[in-house]
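Peer 1: how would this look folded up:
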Amino acid sequence: MSLALPCALAFAAWLYLAFGHGRFWLCDQRLDGRAPAPASWPAVVAVVPARDEAALLPATLGSLLDQDYPGALRIVLVDDESSDGTAEVAERVAQAHPHGARLTVVRAPPRPPGWVGKMWAVETGTRAGAGDHAFWLLTDADVVHGPDSLRRLVSAAGAMQRDLVSQMVLLHAGPGWGALLVPAFVYFFQQLYPFPRVNDPRARTAAAAGGCVLVRREALARAGGIAALRGEVIDDCALGRAVKRGGPIWLGLSTSERSVRPCTGIADVWNMVARSAYTQLACSPRRLAGTIAGLALLYLAPPLAVLLWPWHGDAAAGALGAAAWALSAATFVPTLALYGRPAAAALGLPLAGILYAAMTIDSARRHRRARGATWKGRSGAGAH
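Peer 2: The predicted structure is shown next:
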């Protein structure tokens, strides 16, 4: 009975997640490129915060300059206290590009108290790009955009009448641990913020993916501007919540927009998650304990019941554990397909779940030691 009960609870939880949690796992929220073009193409200003991104800018900044966009496009790249010549590289890329006049490079001034680094860089960019335009495109310096990316985003915003349209870019998974943990990161993000619920104007769920966000200038102003997000570490989801309070938003998955920041091993994913996971839990020890208990129930109990069946001999626990494990694996398959991974790799989801639990615990440890999130050499209010 003691083994069967947690497995029964895990199976019931997976039944809910698979069939009652907003279809999060289907990966079917996509921009298909068939949205009708607007009668006239609105002006767009793209803001790119960049901190020590010199190696990536030739590809990523070049993809923005290459945009096949019929309307006016300006790009403001903000050098956020870089030490690798980011600004100089950006200027050289623009000088060598036929559309280099689209780019303005500015350097972020000293950061005021209370601002996280990235948000101050974005605020600097929006100040430099202020003018009579309809949309902001907020994107990261490690993202390569397809040539029609902006055209599709603007068309979708108009056709769906959305104040914000965001795409989770295809992350650079790489081999080894990244092949499991990067798709799992995308899967868990969708589980936390089911995209169909984000896209339902009647639902309270709201989020965005910071690598690619198109937001109406007026909607951002109504939400309080970037200043309203000045202390947010998980700034993209905070932006989604702020904008959705005033109007509908849309969030989906992309394959034509992709991050080129390589994942070189488990440490890269670990640091990415550990820098903000505890912040996601509102730095609450109670929420941390509940989260770890929930992850253990979902991802540890079922495979243990199956793998240890020869020792415990509890047929009910083994059967329920197998059913829960199989159902969880089935929900992981579409995300793996997005990343070109075989369906059999879905059986590794419990391992990913346990590792993410360990990352969350480490996030709490780091937070208590550093008094806040840490990113790119800055901690607390300075985290990028």
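
Peer 1: how about the nearest residue to Ala87, chain neighbours excluded?
Peer 2: Asp79 (4.0 Å; CB to CB, 6 or more residues apart in numbering). The way it works is simple: take the backbone N, C-alpha and C, and place the C-beta from them, glycine included.

Peer 1: pretty sure the one you found sits against Ala50.
Peer 2: Yes - here Asp79 reaches Ala50: they are 6.1 Å apart, a contact under CB atoms under 8 Å.

Peer 1: common neighbours of those two, please.
Peer 2: Thr86, Ala90 (CB atoms under 8 Å, 6 or more residues apart in numbering).

Peer 1: so which elements touch the strand ranked longest in the chain?
Peer 2: Determined from DSSP state E, the single longest strand within the chain is strand 249-259. Using 3 or more CB pairs under 8 Å, 6 or more residues apart in numbering; DSSP states H and E, the elements in contact with strand 249-259 are strand 143-144, helix 149-160, strand 164-170, helix 195-198, helix 235-244.

Peer 1: identify the residues contacting that strand?
Peer 2: Residues from elsewhere that reach strand 249-259, judged by CB under 8 Å, 6+ apart: 27, 29-31, 140, 142-146, 148-149, 156-157, 160, 162-172, 186, 193, 195, 198-199, 206-209, 211-212, 240, 243, 338.

Peer 1: switch the cut-off to 6 Å
Peer 2: 27, 29-31, 142-146, 149, 160, 162, 164-172, 195, 198-199, 207-208, 212, 240, 243 (CB atoms under 6 Å, 6 or more residues apart in numbering).

Peer 1: would Ala296 count as being in a helix?
Peer 2: Yes - applying DSSP: H, G, I helix; E, B strand; the rest coil, one finds Ala296 inside a helix.

Peer 1: please renumber the chain so that the first residue is 22 from this point on.
Peer 2: Sounds good: first residue 22 from here, last item Ala317.

Peer 1: nearest residue to it in space, please, no chain neighbours.
Peer 2: Ala378 (7.0 Å).

Peer 1: and the pLDDT for the one you found?
Peer 2: We note a pLDDT of 97 for Ala378 in this prediction.

Peer 1: count of neighbours near it?
Peer 2: Residues lying near Ala378 (other CB atoms under 10 Å) number 20.

Peer 1: any idea which element it lies in?
Peer 2: helix 370-391 (DSSP states H and E).

Peer 1: look up how far Leu359 lies from the residue nearest to Ala108.
Peer 2: 33 Å (CB to CB, to the nearest Å).
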